[in-house]
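**Student:** No sequence on hand, only this structure:
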């Protein structure tokens, strides 16, 4: 029994790393572009199913597919911000109107991507068998692919955080989020920065999808669910707070794993909502968010 | 000239006459149309209720509810659970009240806060409801779906039509009331509205809950048209997507916008979507994105533009000679 609890918590932690990475992308898109991108989960879904078909079709390592999928999803996100969301922003009479319209546009995009993927790949489960062996000598059921996926997620999460806080481009990004008009006067090309951030968000979602695909399976119907998870994690971490999302991701991973293992597996969304409700009633700014 | 003058002076009367004419036209469909036409029109009317009710709150306040289907589904399940217990009119009332209760809960958690929390919470609400009902029905009670006794389609059609009239009238008067103005001011600038003495939280929660009453009621009446329901039929995100698309397409600023949108897409939905479901969902998604980008006020937003252009042209034709003279002197 005690081994069972440890296994559950460890696999929740390993799952949570992926949630954290997924939510970081959404946090970046909302925090900087002010677009609550509810297509986010669909990008993760695309990353997952593309990984499966590319690695099977070309016979390459699933991790190597990132050299194709990464630029593809980054480009898609970049273009969306550079055309659609930029256009919406230019036409909106007020910032609040822009956020509402961007949300509705993303709602439409969600259906477009979802059904295109469904037409192309159908509804079958696409299981990955890559490194599907238990880690020896631990006494708990942890698989090598889970460890690899978690390690990549953590390294990427830290890299993105350092990039945002330490690099020159990161400073330009933060300046754009803080005050776009002044950042523009200081010589920052804000339109490019916003498009870059949106692309980066899409890329992070795609990588989260790749990692999900190698540790479990890929499926065209997971997009909606991934978006719900990402939204809950982002809110828990504090809307727009990038490190907060990562911490909250791990928390959500552990709690949902414990609940589904020991209580009721079909109620995972109900568990996310319970956490969301408690948070909204007690501390709407999020766990690490500033009030 | 007299015709033009009487048209402009009695414009309101003419519009009312036209409206009554359209209503009569719709109401007589069961007499000359077949059973299928009646069924189809009942479904379109259901979408009219959903789209008008959605636009009443989300269009005015800018708080986008992504879960009309959750409240619609509550109505469907109220009907499925109570169909043998209570008379139909009472079930309709209970369906509305159940939606109101759920909306009150959602509103009290999220609408106290400003910003995107409401949209975030409603995004997965349909899925949450589906999961809870799935748990209670399949896992606990071992019931896999419920059949609903089919009622007479013509009767359902007239009830739906009556509900459309009630919904449209109610929304018309709410829009003209202090609450309508308060909702618009929240949509314009919430902070300013608050400083002007609007109790924004109360207005948001109450108007949101009222808007969902219509959705729940529509669900109760639509349930017998579906004959068989289970949690994934009753709580289907398509019933969130289509009303939003209809309202945005028609234009949320005017009362008639969502009605026009509901007729256009309700007809397309009933006739073509079934056969080419995937392609139509993709096309509908593209339409939603394109309309928001290029026509943020929908079809209704085009009307003043066209009227201005036409009016200017007529004016120029009427006193074209005078205008030129004026320019010469």
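**Tutor:** Right, received. Where do you want to start? Keep in mind it's a predicted model, so treat the numbers as computed, not measured. Numbers count the residues shown, from 1 in each chain, chains lettered A, B, ... in the order given.

**Student:** what's the nearest residue to residue B:185 if we skip its chain neighbours?
**Tutor:** Distance criterion CB to CB, 6 or more residues apart in numbering or on different chains; nearest residue to residue B:185, sequence neighbours excluded, is residue B:193 at 3.9 Å. Bear in mind the C-beta positions are built from the backbone N, C-alpha and C, glycine included.

**Student:** Run the chain-centre distance for the helix or strand hosting the one you found.
**Tutor:** If you go by DSSP states H and E, residue B:193 is part of helix B:190-195. Relative to its chain's centre, helix B:190-195 lies at 27 Å (CA atoms, centre = their mean, to the nearest Å).

**Student:** Can you name every helix or strand that that helix contacts?
**Tutor:** Identification of packing neighbours for helix B:190-195 by 3 or more CB pairs under 8 Å, 6 or more residues apart in numbering or on different chains; DSSP states H and E yields helix B:178-188, helix B:200-226.

**Student:** Now do the strands in the stretch 51-200 of chain B.
**Tutor:** All strands of the stretch 51-200 of chain B, identified by DSSP state E, counting those that start in this stretch, fall at B:146-147.

**Student:** can you map out the helices along it?
**Tutor:** Along the stretch 51-200 of chain B, the stretches classed as helices by DSSP state H, counting those that start in this stretch are B:60-61, B:68-82, B:88-110, B:117-123, B:125-134, B:153-176, B:178-188, B:190-195, B:200-226.

**Student:** Could I get those helices in TSV, plus columns for mean pLDDT and mean neighbour count?
**Tutor:** Listed next are those as TSV, based on pLDDT from 0 to 100; neighbours: other CB atoms under 10 Å in any protein chain shown:
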stretch	mean pLDDT	mean neighbour count
helix B:60-61	92	26
helix B:68-82	95	27
helix B:88-110	95	20
helix B:117-123	93	24
helix B:125-134	93	22
helix B:153-176	93	18
helix B:178-188	91	19
helix B:190-195	90	14
helix B:200-226	95	24
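
**Student:** remind me, longest helix of chain A?
**Tutor:** Counting by DSSP state H, the longest helix found in chain A is helix A:2-33.

**Student:** tell me which helix or strand of chain A sits lowest on mean pLDDT?
**Tutor:** Using mean pLDDT, DSSP states H and E, strand A:126-127 stands out as the lowest-scoring helix or strand of chain A, at a mean of 82.

**Student:** Next secondary structure after it?
**Tutor:** Once the chain leaves strand A:126-127, the next helix or strand it forms, by DSSP H and E, is helix A:144-166.

**Student:** Around the nearest residue to residue B:172 once chain neighbours are set aside, how many other residues sit close by?
**Tutor:** Nearest non-adjacent residue to residue B:172, counting by CB to CB, 6+ apart: residue B:255, 5.9 Å away. For residue B:255, the count of nearby residues is 19 (other CB atoms under 10 Å in any protein chain shown).

**Student:** residues in contact with residue B:255?
**Tutor:** By CB atoms under 8 Å, 6 or more residues apart in numbering or on different chains, the contact set of residue B:255 is B:52, B:168, B:171-172, B:175.

**Student:** for the closest residue to chain A within the stretch 101-250 of chain B, what are its contacts?
**Tutor:** Here the stretch 101-250 of chain B gets closest to chain A at one residue, residue B:124, 3.8 Å apart by CB to the nearest CB. Counting by CB under 8 Å, 6+ apart, residue B:124 touches A:227-228, A:231-232, A:269, A:272-273.

**Student:** let's see it at 10 Å
**Tutor:** By CB atoms under 10 Å, 6 or more residues apart in numbering or on different chains, the contact set of residue B:124 is A:38, A:224-225, A:227-229, A:231-232, A:269, A:272-273, A:276, B:66-67, B:70, B:130-131, B:237.
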